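Peer 1: Let me see the structure of the following:
(2 chains)
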Amino acid sequence: MDHDKYAVRKAIKEDCESIQRLIQELADYEKMSNGPQLDPKTLEQDGFGTRPFFEAFVAVGKESNQIIGFALYFFTYSTWQGKSLYMEDIYVQLQHRRKGVGLSLLRSVSQVALSENCVRLNFSVLNWNSPSIEFYKSLGASDLTEKEGWHCFRMNRAEIEQLAQCKA
Amino acid sequence: MAFLKRLVQQSSLRITWPTMSVFRVQQSLRYKSSGCSKHGELSLELDGYTIRKAVKQDCQAIHRLIQELANCLEMPDAPQIDAEALEIDGFGGRSFYEGFVAESHKFNQVVGYAVYYFTYSTWQGKSLYMEDMYIRPEDRKNRIAVSFFHLVSRAALIENCTRLNFCVLESNQPAAKLFQSLGAVDLTLKEGWHYYRIPRLGIEELAKPTIISTFNSQI
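Peer 2: Coordinates of the predicted model:
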């Protein structure tokens, strides 16, 4: 990464508006523009309140002083191997790619993983996203869906509420 | 409730949970009215069992059950963490997971557990991930599994979570079908999401200062 042009640092509360803008850009790229439902204020509360649910790094373009990329993550746990880290999102604006910014973000996240003695760094990738797939595999990542047959499942709010109901 | 009726119909189903734990769904899913947890309480009384939040003192028992599950799966060397690590990681200065345990009244011991943690969706906010669940074979058919589901869902609502996520092996069709009957969606099939992992060695490589120049600006 050209350190004259870019800097990567830990995200702060004031970055949430920029992060939210980039979250939308990433959703557009993933062809799911209607996905993002959060506003910057929610990100502020959830990431920088009394109980943070995520942490993040941002990449700043020094010339513009604008946030041009981010990586958002949180800690998870394996009952077999212990502390792990899950990278929820990583995104660099198109015009700032191929300059080592994404790798710098990933490096910062990896350093955090090591500081907590994590044994795994997990994330999800869409199966058509060939450039990302190629990149992650070059870093030693395994596709556990292909390799071991793991599928990602989700229950949404309505299903959670049903399960949480108790028969009176 | 409709989903409970579906569980009743599948009462003899052999289920394999995300990390391949094994349990059976109970035929009778009626709670005792006196055993129904009040809104916000995270515990339940069943016939012969108490389902409650895990505490530090449960870690020895949880570790024993983790090992039992690994033995059952013929992977006895898979668990790498001990009870002390579970104590530190779950009940130390920073908690990396939370859990529920099923305690047998008869033997006064923990016979099942469910481990979960909170995650985050940049699209929908706070979420909950169910990592693992296991019940000893001799204690199944006692509504413990559905009780775990129920209490984990309550924990999710207390934090105002919008999603409950987990992984299931493709080969485990009975579990996949059960979860789908509860309204869960297979995002791998539906949207093409694949689950990736970089192991410890890969993390160490990535963390080195030299990684940037090594990769020659690919990203």
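Peer 1: if I pick residue A:155, what's in contact with it?
Peer 2: Contacts were defined as C-beta atoms under 8 Å, 6 or more residues apart in numbering or on different chains; by that measure residue A:155 touches A:163, B:163, B:164, B:165, B:179, B:182, B:183, B:184, B:185. C-beta: built from backbone N, CA, C; applies to glycine.
Peer 1: What is the burial count for the fifth one?
Peer 2: Translated: residue B:179. Taking other C-beta atoms under 10 Å in any protein chain shown as the neighbour definition, residue B:179 ends up with a count of 24.
Peer 1: Return the residues in contact with the residue nearest to it when sequence neighbours are not counted.
Peer 2: What sits nearest to residue B:179 in space, not counting adjacent residues and going by C-beta to C-beta, 6 or more residues apart in numbering or on different chains, is residue A:153, at 5.7 Å. In this structure, residue A:153 makes contact with B:165, B:166, B:167, B:168, B:176, B:179, B:184, B:185, B:186, B:187, judged by C-beta under 8 Å, 6+ apart.
Peer 1: What residues are bridge-paired with the second one?
Peer 2: Under the criterion DSSP bridges, residue B:166 forms beta bridges with residue A:153.
Peer 1: Restrict the longest strand anywhere in chain A to CA atoms and write it as PDB.
Peer 2: The residue-count maximum for a strand in chain A (DSSP state E) belongs to strand A:66-78. Taking Å, rounded to 0.1, in the frame of the first residue of the first chain, the C-alpha atoms of strand A:66-78 are listed here in PDB:
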ATOM      1  CA  GLN A  66     -12.200  10.500   2.800                       C
ATOM      2  CA  ILE A  67     -12.800   7.000   4.000                       C
ATOM      3  CA  ILE A  68     -12.400   4.800   0.900                       C
ATOM      4  CA  GLY A  69     -12.600   1.400   2.400                       C
ATOM      5  CA  PHE A  70     -13.400  -0.500   5.600                       C
ATOM      6  CA  ALA A  71     -13.300  -4.000   7.200                       C
ATOM      7  CA  LEU A  72     -15.800  -4.800   9.900                       C
ATOM      8  CA  TYR A  73     -15.400  -7.800  12.200                       C
ATOM      9  CA  PHE A  74     -16.300  -9.400  15.500                       C
ATOM     10  CA  PHE A  75     -15.100 -12.300  17.700                       C
ATOM     11  CA  THR A  76     -16.700 -15.700  17.600                       C
ATOM     12  CA  TYR A  77     -16.000 -19.000  19.300                       C
ATOM     13  CA  SER A  78     -15.300 -22.600  18.400                       C
END
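Peer 1: So what are the sheet partners of the next helix or strand after it and their directions?
Peer 2: Toward the C-terminus, strand A:66-78 is succeeded by strand A:82-92 as the next helix or strand (DSSP states H and E). Based on DSSP bridges, the pairing partners of strand A:82-92 within the sheet are strand A:66-78 (antiparallel), strand A:120-126 (parallel).
Peer 1: starting at the chain centroid, how far to the longest strand of chain A?
Peer 2: Centroid separation for strand A:66-78 versus its chain: 4 Å, with C-alpha atoms, centre = their mean, to the nearest Å.
Peer 1: May I see the buried residues of that strand?
Peer 2: Residues A:67, A:68, A:69, A:70, A:71, A:72, A:73, A:74, A:75, A:76, A:77, A:78 are the ones in strand A:66-78 that count as buried (16 or more other C-beta atoms under 10 Å in any protein chain shown).
Peer 1: Name whatever forms a beta bridge with the first one.
Peer 2: Applying DSSP bridges to residue A:67 yields these beta-bridge partners: residue A:60.
Peer 1: Output the longest strand belonging to chain B.
Peer 2: Every strand in chain B considered (DSSP E), the longest is strand B:109-121.
Peer 1: quick one: buried residues of it?
Peer 2: Residues B:110, B:111, B:112, B:113, B:114, B:115, B:116, B:117, B:118, B:119, B:120, B:121 are the ones in strand B:109-121 that count as buried (16+ other C-beta under 10 Å).
Peer 1: buried residues in the helix or strand just after that strand?
Peer 2: For strand B:109-121, the succeeding helix or strand toward the C-terminus, using DSSP H and E, is strand B:125-135. By neighbour count, with 16+ other C-beta under 10 Å as the criterion, the buried positions of strand B:125-135 are B:125, B:126, B:127, B:128, B:129, B:130, B:131, B:132, B:133, B:134, B:135.
Peer 1: Check whether the first one really touches residue A:45, as I assumed.
Peer 2: No: using C-beta atoms under 8 Å, residue B:125 is not in contact with residue A:45; the gap is 9.3 Å.
Peer 1: Many thanks, have a good one.
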